[in-house]
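Trainee: okay, sequence plus prediction incoming.
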Amino acid sequence: MQRMSQSGSILEKISFEELLDIMEREAKKRNAPVYTLKSKLKTPFHYLVSAVLSSRTKDETTAKAVEKLFSVVKEPEDLAKLPIDEIEKLIYGVGFYRVKAKKLKKLAEKLVKEYNSKVPDKFEDLIKLDGVGRKTANVVLAGAFGKKVIGVDTHVHRISNRLGIVKTRTYEETERELNRIVPEKLKNRVNSVFVGYGQVVCKPNKPLCNECKLSKLCPKLDYKSMT
Ligand code: SF4
């Protein structure tokens with residue numbers, strides 16, 4: 001059953017599942033960097049570290065950093081033992097790598113001391129870790145644990161507004177609205193599909209509307225006037 005969405009929303013024309021399927025197919029066909037990054041993540045610890053590294057960093061750069069880091073670090077103990085300058089060298093290239101190196105070390109120490117070296121699967125526990133905010137926690141819960149939650153970042157916020165699915169000003173409002181509208185079973189797909197589509201088609205400054213499979217259905221709303 002389709003939930004109530006904004007008037008003028010693309011969801012008046014297709015279901016959310018159809019929308020996700022089209023976006024996912026197109027993003028994969030165009031080798032969206034998010035899928036290269038995801039292919040390197042095998043454990044909840046990988047998802048967590050990658051999510052911390054990826055803030056304000058392109059997925060291509062994060063993918064290279066996680067590959068280098070995980071060639072040395074297998075478990076939280078390994079990361080907790082590494083000197084900060086070693087971590088900095090391994091993740092060099094990602095945005096704010098010095099700050100993130102410190103956060104990663106603290107995060108790993110906390111995992112070892114308080115969580116028996118396991119990544120917690122509860123939102124309340126995750127956001128207590130260094131470098132983990134609301135979006136990161138939800139991305140980890142959805143990606144690593146398959147929980148029915150939606151991590152809202154700049155791509156999810158922008159595209160949801162352009163498609164008229166929501167009419168919101170902040171990430172928190174977008175998260176709340178999407179949680180109301182998106183069917184439960186599809187929630188954990190939203191972040192990676194929207195990120196992938198945002199990387200290769202519905203780009204931030206110059207969306208490729210002429211090449212977009214949703215062009216005939218999309219209201220192409222100017223999300224910037226809403227932010
Ligand atoms: S038609 Fe344009 S604005 Fe709409 S989803 Fe496609 S690229 Fe984005």
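Mentor: Okay, I see it. Numbers count the residues shown, from 1 in each chain.
Trainee: which parts of stretch 96-108 are buried?
Mentor: Buried positions in stretch 96-108, judged by neighbour count with 16 or more other CB atoms under 10 Å: 97, 100, 101, 102, 103, 104, 105, 107, 108. Just so you know, the C-beta spots here come from the backbone N, C-alpha and C atoms, and that holds for glycine as well.
Trainee: could you check what's spatially nearest to the first one, not counting adjacent residues?
Mentor: Counting by CB to CB, 6 or more residues apart in numbering, residue 97 lies nearest to residue 91, which is 5.0 Å off, once chain neighbours are set aside.
Trainee: can I assume the one you found is in contact with residue 70?
Mentor: No - shown here, residue 91 and residue 70 do not form a contact pair, counting by CB atoms under 8 Å, at 10.9 Å.
Trainee: neighbour count winner among these two?
Mentor: residue 91 (25 against 20; other CB atoms under 10 Å).
Trainee: pLDDT score assigned to the more buried one?
Mentor: Turning to residue 91, the model gives it a pLDDT of 98.
Trainee: for it, what are phi and psi?
Mentor: In terms of degrees, to the nearest 10, the main-chain angles of residue 91 are phi -100, psi 10.
Trainee: can you list the residues of this structure near the ligand?
Mentor: 162, 163, 201, 202, 207, 208, 209, 212, 214, 215, 218, 220 (CB under 6 Å from any ligand atom).
Trainee: let's see it at 8 Å
Mentor: Contact residues, the chain versus the ligand (CB under 8 Å from any ligand atom): 10, 159, 162-163, 197, 201-203, 207-209, 211-215, 218-221.
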